[in-house]
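In: coords below, sequence missing:
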């Protein structure tokens, strides 16, 4: 005898937006995750002149190396994705679009700064 209802869906009544939101998240992951992540890794492990300025990343890299850097990036993107999904649930466009836009701005800024240090 089963007490679960297989027809119940936790997200019934709304859909995940596509189109613009998908492109915003693609830019966010590309600039923040890949761009900033790769340039930060190059600075930390290749450049003898510079070191990581973010104390959270410094601690994570010191404790776990590259996995620590990757873990912090994944946690940041996951946290922002959760806020964005909260915006979907509440039909709040501000909460939907702000996290990927903020990550994109941070990613572009950090990547350009890191590239200026490397060049």
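Out: Ah, there it is. Nothing here was measured: the structure is a model prediction, and the numbers come from that model.

In: Just after the helix or strand containing residue 23, pick out the following helix or strand.
Out: Assessed by DSSP states H and E, residue 23 sits inside helix 20-28. Moving toward the C-terminus from helix 20-28, the next helix or strand (DSSP H and E) is helix 37-45.

In: Would you quantify the distance from the most centrally placed residue in the chain to residue 21?
Out: By CA atoms, centre = their mean, the chain has its centre lying nearest to residue 77, at 2.3 Å. For residue 77, the distance to residue 21 equals 14 Å [CB to CB, to the nearest Å]. (Each C-beta comes from the backbone N, C-alpha and C, glycine too.)

In: Please enumerate the helices of this protein.
Out: Remark: helices of the chain, listed N- to C-terminal, are 20-28, 37-45, 55-64, 66-89, 93-118; assignment by DSSP state H.

In: export the ones you listed to a markdown table and tack on mean pLDDT?
Out: Formatted as a markdown table, those follow (pLDDT from 0 to 100):
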| stretch | mean pLDDT |
| --- | --- |
| helix 20-28 | 92 |
| helix 37-45 | 92 |
| helix 55-64 | 93 |
| helix 66-89 | 92 |
| helix 93-118 | 95 |
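
In: Give me the residues contacting stretch 31-38.
Out: Stretch 31-38 is contacted by residues 69-70, 73, 76-77, 103-104, 106-108, 110-111, 114 when judged by CB atoms under 8 Å, 6 or more residues apart in numbering.

In: Swap in 6 Å and give it another go.
Out: 73, 103, 104, 106, 107, 108, 110, 111 (CB atoms under 6 Å, 6 or more residues apart in numbering).

In: Quick check: end-to-end length of it?
Out: Length of stretch 31-38, first residue to last, CA to CA, to the nearest Å: 10 Å.

In: Residues contacting stretch 72-90, please?
Out: By CB under 6 Å, 6+ apart, stretch 72-90 touches 33, 37, 57, 60, 95, 96, 99, 103.
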